[in-house]
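Novice: structure for the following, please:
(one chain, ligands or ions: 2)
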Amino acid sequence: MTPQNQDAPVLALEEVRKTFGDHVVLRSVDLAVPAHSVTVLIGASGSGKSTLMRCANLLEEIDDGAILLDGEEITAPGVDQDAVRRRIGVVFQQYNLFPHLSVLENVTLAPRRVHRIARAEADARAMELLGRLGLADKAKEYPDRLSGGQQQRVAIVRALAGSPRLLLLDEITAALDPELVGEVLAVVRDLKEQGLTMVVSTHEMGFAREVADQVCFLDAGAVLERGTPEQLFGDPQHERTRRFLRRIT
Ligand code: ADP
Ligand code: MG
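Specialist: Ligands and ions are numbered 1, 2, ... in the order given. Predicted coordinates:
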């Protein structure tokens, strides 16, 4: 990061357009995610939440517009995409842990292989993070011995292991049994306390209201409405937003 970019949003989307064939999935999306803030994306299934995050992580190529990380245009030609991805942690709905690796090995794989951190140092950092998320005693276990909530917490630890500038959490509680949702949301709450910058998509509206600094309602690939949780949940301006909130809450 260059010093002149310190006041730039951590993540910015400028008129981002994304199509799959003739299907427009993101239409002129603008978004600014300031440092140490949490942006929550809400919207019906298919509205473009996952695609937005995949574009931000350069897993999908955008058709038009620009995406900036700390003020640097990461969608510009010639950008080192792997270097960009190292600055962004991602957790998806499915935990995607490697079943043949222990928890500790899952967490330290990228730091060791990608960030070239020595094993002792990677292990120490992983153990610290596992401890913080209440998983220290699980370090030697294999994923199939853990509950879904524990696996998802390990996935979060894995995303944090590279000390990301930005964390993208895409419906990370959607695949969990209801009684396991709370422990995962508690972790996100803690990360917010610690000042991590996050973009979170969720169908948990109570949680969105509590944790969000900014809520964006996506409708058919466009940010139809955005605001503080008070504004968006308390006084939605669009009929489509009201209808969505009635349906989901
Ligand atoms: P959400 O996460 O809000 O449910 P998505 O971003 O997953 O929405 O999907 C937005 C739209 O893009 C959907 O209509 C979906 O079918 C379509 N889509 C997503 N990924 C692809 C893909 N790889 N190829 C074609 N269409 C896709
Ligand atoms: Mg999705």
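
Novice: is stretch 211-227 up against ligand 2 anywhere?
Specialist: No - Stretch 211-227 lies apart from ligand 2 when judged by CB under 5 Å from the ion; the minimum separation is 10.0 Å. All C-beta spots, glycine's among them, are computed from the backbone N, C-alpha and C.

Novice: how far is that stretch from where the chain is centred?
Specialist: Between the centre of stretch 211-227 and the centre of its chain there are 15 Å (CA atoms, centre = their mean, to the nearest Å).

Novice: quick check: residue 78 vs residue 84, distance?
Specialist: Residue 78 is 12 Å from residue 84, where distance means CB to CB, to the nearest Å.

Novice: which of the two has more neighbours?
Specialist: With neighbours defined as other CB atoms under 10 Å, residue 78 and residue 84 compare such that residue 84 has more, 18 against 4.

Novice: the more buried one: what secondary structure?
Specialist: helix (DSSP: H, G, I helix; E, B strand; the rest coil).

Novice: next up, the contacts around it.
Specialist: 58, 69, 74 (CB atoms under 8 Å, 6 or more residues apart in numbering).

Novice: might you report the residue contacts of the first one?
Specialist: Contacts for residue 58 (CB under 8 Å, 6+ apart) come out as 74, 75, 81, 84, 85.

Novice: would you format these as JSON lines with pLDDT and distance to ligand 2 included?
Specialist: Below are the contacts of residue 58 laid out as JSON lines (pLDDT from 0 to 100; distance: CB to the ion, whole Å):
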{"residue": "74", "pLDDT": "98", "distance to ligand 2": "21"}
{"residue": "75", "pLDDT": "98", "distance to ligand 2": "21"}
{"residue": "81", "pLDDT": "96", "distance to ligand 2": "22"}
{"residue": "84", "pLDDT": "96", "distance to ligand 2": "21"}
{"residue": "85", "pLDDT": "94", "distance to ligand 2": "19"}
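
Novice: residue numbers of this structure in contact with ligand 2?
Specialist: By CB under 5 Å from the ion, the part of the chain that sits against ligand 2 consists of 49, 50.

Novice: longest helix anywhere in the chain?
Specialist: Looking across the chain with DSSP state H, the single longest helix is helix 178-193.

Novice: and the residue of the chain found nearest ligand 2, how many residues sit next to it?
Specialist: Going by CB to the ion, ligand 2 is nearest to residue 50 of the chain, at 3.1 Å. Counted with other CB under 10 Å, the neighbours of residue 50 add up to 20.

Novice: for it, which non-adjacent residue is spatially closest?
Specialist: Excluding its sequence neighbours, the residue lying closest to residue 50 (CB to CB, 6 or more residues apart in numbering) is residue 170, at 5.5 Å.

Novice: ok, the one you found - contacts?
Specialist: 49, 50, 53, 90, 91, 92, 93, 201.

Novice: could you report the separation of the residue nearest the centre of the chain from residue 179?
Specialist: Centroid-nearest residue in the chain: residue 168, 1.2 Å away (criterion: CA atoms, centre = their mean). Here residue 168 is placed at a distance of 25 Å from residue 179 (CB to CB).

Novice: okay, strands next: where are they in the protein?
Specialist: Remark: strands assigned in the chain by DSSP state E are 11-20, 23-33, 38-42, 64-69, 72-73, 88-91, 166-170, 198-201, 214-219, 222-227.
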